[in-house]
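K.L.:
Quick one, fold the following:
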Amino acid sequence: MGTTLSMAIKTTRDELERIAAAIEDLGQQDDWPDDLVFRVNLVLEELILNIMDYGADGGDADISLQIESESDSISIDLSDSGRPFDPLTEAPEPDLTAAVEERRVGGLGVHLTKTLMDDVRYSHENGRNRLNIVTRKVR
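P.N.:
All right, here's what the predicted structure looks like:
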């Protein structure tokens, strides 16, 4: 049995620090490589900010996070009660060929998630958006 982290998250930006600290603690407990802690923190910050900015529609969205750290992989379950939205198919693809100053602000979170994680799946169940993310500990 692996190490587990479960959190209920409020839709306020100060929660990002609490999440990052919890992930760093979990990574330290379970001896994650530094780049893995960085990748998980980056992906979750991007996804949770998207939920706060777009999924909550200006109100609260009940957000929950569960991370299961096994011997060779990490499974992340991120769910929210915001409006239904599949970021894997509905989010616009970023223009990675345009010059930095010509790109629109934002739009890289889902791309980073797909790039930095090994498997990302979306479902909408019981009125909740759910992202199941898996990454190997060593890449």
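
K.L.:
hey, let's count contacts and neighbours off CA atoms from now on
P.N.:
Noted.

K.L.:
Distance of the residue nearest the centre of the chain relative to residue 80?
P.N.:
Nearest to the geometric centre of the chain sits residue 44, at 2.9 Å (CA atoms, centre = their mean). As judged by CA to CA, to the nearest Å, residue 44 and residue 80 stand 13 Å apart.

K.L.:
what do you get for residue 20?
P.N.:
For residue 20 relative to residue 80 (CA to CA), the value is 18 Å.

K.L.:
These two: which is more packed in?
P.N.:
residue 80 (25 against 18; other CA atoms under 10 Å).

K.L.:
Strands along this protein, start to end?
P.N.:
3-9, 63-69, 73-80, 119-125, 128-136 (DSSP state E).

K.L.:
among those strands, which is nearest residue 93?
P.N.:
strand 119-125 (15.8 Å; CA to CA).

K.L.:
List the contacts of that closest one.
P.N.:
84, 86-88, 113-114, 129-135 (CA atoms under 8 Å, 6 or more residues apart in numbering).
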